[in-house]
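Q: need a 3D model of the sequence below.
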Amino acid sequence: MSRDFPLVAMDASGIVARASFSHVHLDRDFGRVEAVVDLILSRPGQPARHARLRTSVPRNGDAPLRERLIRDAAELSRRLAPRTPEISEAA
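A: Sure, this is the predicted structure:
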């Protein structure tokens, strides 16, 4: 089952316009919650992009579980996203 969560502001990852979860389960051996997180990410001046990642976070934490899953997936997406090479002005 999937559930949508709209607009969660992020820092370096940009803005998460929409997030949904599927295949959520608790790994009791390690005390972590695993989930597949679908994100629609946007940054100012760039088109929105879709990311689907499997992530896990500790069962207990300071922030709500869904917020921690979204933040972790957005950070993973940012780290895995291809970087655009900078254009040098050397001629």
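
Q: what about the residue lying closest to Pro58 once chain neighbours are set aside, distance to Asp72?
A: Spatial nearest neighbour of Pro58, chain neighbours left out: Arg32 (5.8 Å); criterion: C-beta to C-beta, 6 or more residues apart in numbering. From N, CA and C alone the C-beta is placed, and that goes for glycine too. Here Arg32 is placed at a distance of 11 Å from Asp72 (C-beta to C-beta, to the nearest Å).

Q: need the residues touching each of the two.
A: Common neighbours of Arg32 and Asp72, using C-beta atoms under 8 Å, 6 or more residues apart in numbering, are Ser56, Val57.

Q: which element follows the least confident helix or strand in the chain by mean pLDDT toward the C-terminus?
A: The helix or strand of the chain with the poorest confidence is strand 3-9; it has a mean of 53 (mean pLDDT, DSSP states H and E). Once strand 3-9 ends, the next helix or strand along the chain (criterion: DSSP states H and E) is strand 15-27.

Q: contact partners for the residue nearest to Pro58?
A: Leu26, Ser56, Val57, Pro58, Arg59.

Q: any idea which of those residues has the most stuff around it?
A: The residue in those with the most neighbours, by other C-beta atoms under 10 Å, is Val57 (20 neighbours).

Q: using PDB, write down the CA coordinates of the helix or strand containing that one.
A: Using DSSP H and E, Val57 maps to strand 49-58. Taking Å, rounded to 0.1, in the frame of the first residue of the first chain, the C-alpha atoms of strand 49-58 are listed here in PDB:
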ATOM      1  CA  ARG A  49      12.800  14.700 -11.100                       C
ATOM      2  CA  HIS A  50      11.500  11.300  -9.800                       C
ATOM      3  CA  ALA A  51      13.600   9.100  -7.500                       C
ATOM      4  CA  ARG A  52      12.600   5.700  -6.200                       C
ATOM      5  CA  LEU A  53      14.900   4.300  -3.400                       C
ATOM      6  CA  ARG A  54      14.900   1.600  -0.800                       C
ATOM      7  CA  THR A  55      16.100   3.100   2.500                       C
ATOM      8  CA  SER A  56      16.000   2.300   6.200                       C
ATOM      9  CA  VAL A  57      16.100   4.400   9.400                       C
ATOM     10  CA  PRO A  58      16.200   3.500  13.100                       C
END
